[in-house]
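Asks: below is the sequence, then the predicted model.
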Amino acid sequence: MPRTATRAQRTALVVGFGGTLLFCLWLFQGILTPFVLAAVVAYFLDPLATRLSRLGIRRPLAAFMLIFLLMALTLIAALLFYPLILAQIGILVQRLPTYIAGVGTLLRDGLERLEEALGPEMVDQRLRDLAINQAGSMLAWLGTATTRLIGGGFALFQVFTLVIVVPVVAFYLLRDWGAMLARVESWLPRRNAAVLRQLARDTDRVLSAWLRGQLLCCAALGVFYAVALQVAGLELGLTVGLLAGVLTFIPYVGSLTGFAAAVLLAMGQFGTWNEVMVIVAIFLVGQTVEGYVIYPYLLGDRVELHAVWVIFALFAGGVAFGFLGVLLAVPMAAALGVVARYWLRRYLESPLYLDPPRTGS
């Protein structure tokens, strides 16, 4: 007679598998980053590779073509933008004292006008000095942090792993993606295979929609902010715009960071509130386009990850596993969200929720 697994055995299997996975992530977090990046690349390129395969191109050749094209585009972008950004960083370092003085002067004038309007009891000398010193400190920190980020970026992400390991691993994963998924599916417990497959499909749908939406927002807003800030005359508009676009991957954080940096730089460069308000208007237009065009018309209601849940997952993953945790945060948040909605549906259909209240006889 076939043996039947008990509930305790199934629970022990799930807990043991989850604990082993977390332990391995913690133990090997120092070397897993390029492999996770390669898996992300393969995940994105798999639909294109599948379409090429249906057109008659063999899967290995399709995988090689897509990885080669991605590497070429990345190299071209690096050759185009990195020298421009380095030049702008040089401008920032050279003119940082002038920017700090300009911010202080503009803030002092604005606070003096505010004091005339509200009275000295509302705005005193100590408040003016505090605001001016803090704004200057923020601008100085921005210059130092940006210089370190650009200058040490390649050392931070390890050139060898990004240029060599990630493309090679991504090629093999993309080539064997379908076979690996079929093998993993064959290992699912037969009793729960249908439910697990459905949860996996729901997770894939939510994750792909969210990531596609965020990448679209990052690209569109990065180009818009960079071009608009350059046209507005901001000397560091290209760097600030691209930074705001990249950081848009974290909801609200990218826009707020870019907005604060652009406004401070505009205050230091222009020295008048009219030009600063132009910079503010640019970011207002960008947020309007994101909120009322990109998401509603291009993605609809397919994105089921709430912004607060995503921000929490990114910070929690970063605290737990560093950069690796940031990479894994969104997939794990999507999976947990799908499982939570599944169990909520089960609860709403169960007697625990549907049983009517008992009345005494």
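Replies: In hand now; what should we look at?

Asks: what's the lengthiest helix in the chain packed up against?
Replies: Longest among the helix segments of the chain by residue count, using DSSP state H, is helix 59-118. Identification of packing neighbours for helix 59-118 by 3 or more Cβ pairs under 8 Å, 6 or more residues apart in numbering; DSSP states H and E yields helix 29-54, helix 125-157, helix 166-175, helix 237-247, helix 253-270, helix 273-289. Bear in mind the C-beta positions are built from the backbone N, C-alpha and C, glycine included.

Asks: tell me if I'm right that Ala232 and Ile279 touch.
Replies: Yes. Using Cβ atoms under 8 Å, Ala232 is in contact with Ile279, at 6.3 Å.

Asks: pLDDT weak spots in the protein?
Replies: When residues are selected by pLDDT under 70, those of the chain lie in 1-5, 110-161, 251, 295-304, 356-361.

Asks: now with 90, please.
Replies: Scanning the chain for pLDDT under 90 picks out the ranges 1-38, 40-41, 44, 74-166, 178, 182, 184-222, 233-276, 286-361.

Asks: point to the residue nearest the middle of it.
Replies: Phe249 (2.7 Å; Cα atoms, centre = their mean).

Asks: so what's it up against?
Replies: For Phe249, the contact set (Cβ atoms under 8 Å, 6 or more residues apart in numbering) comprises Gln214, Cys218.

Asks: SS state for it?
Replies: coil (DSSP: H, G, I helix; E, B strand; the rest coil).

Asks: where's it relative to Val326, distance?
Replies: Using Cβ to Cβ, to the nearest Å, one obtains 9 Å as the distance from Phe249 to Val326.

Asks: between Ala232 and Ile279, which is the more surrounded one?
Replies: In this view Ala232 and Ile279 are compared by other Cβ atoms under 10 Å, and Ile279 has more residues nearby, 25 against 16.

Asks: pick the most buried one from the helices and strands packed on helix 59-118.
Replies: helix 237-247 (a mean of 23; mean count of other Cβ atoms under 10 Å).

Asks: in stretch 189-203, what's buried?
Replies: By neighbour count on 16 or more other Cβ atoms under 10 Å, the buried set for stretch 189-203 is Leu199, Ala200, Asp202, Thr203.

Asks: can you pick out the most distant pair from the residues you listed?
Replies: Using Cβ to Cβ, the buried residues of stretch 189-203 span at most 7.4 Å, a distance reached by Ala200 and Asp202.

Asks: closest to Gly16 out of the helices and strands packed on helix 59-118?
Replies: helix 29-54 (20.3 Å).

Asks: taking helix 59-118 as reference, get the angle to that closest one.
Replies: Regarding helix 29-54 and helix 59-118, their directions subtend 120 degrees when assessed with axes from the mean of the first three to the mean of the last three Cα atoms, to 10 degrees.

Asks: tell me what helix 29-54 is packed against?
Replies: Right, helix 29-54 is packed against helix 59-118, helix 166-175, helix 177-186, helix 323-348 by 3+ Cβ pairs under 8 Å, 6+ apart.
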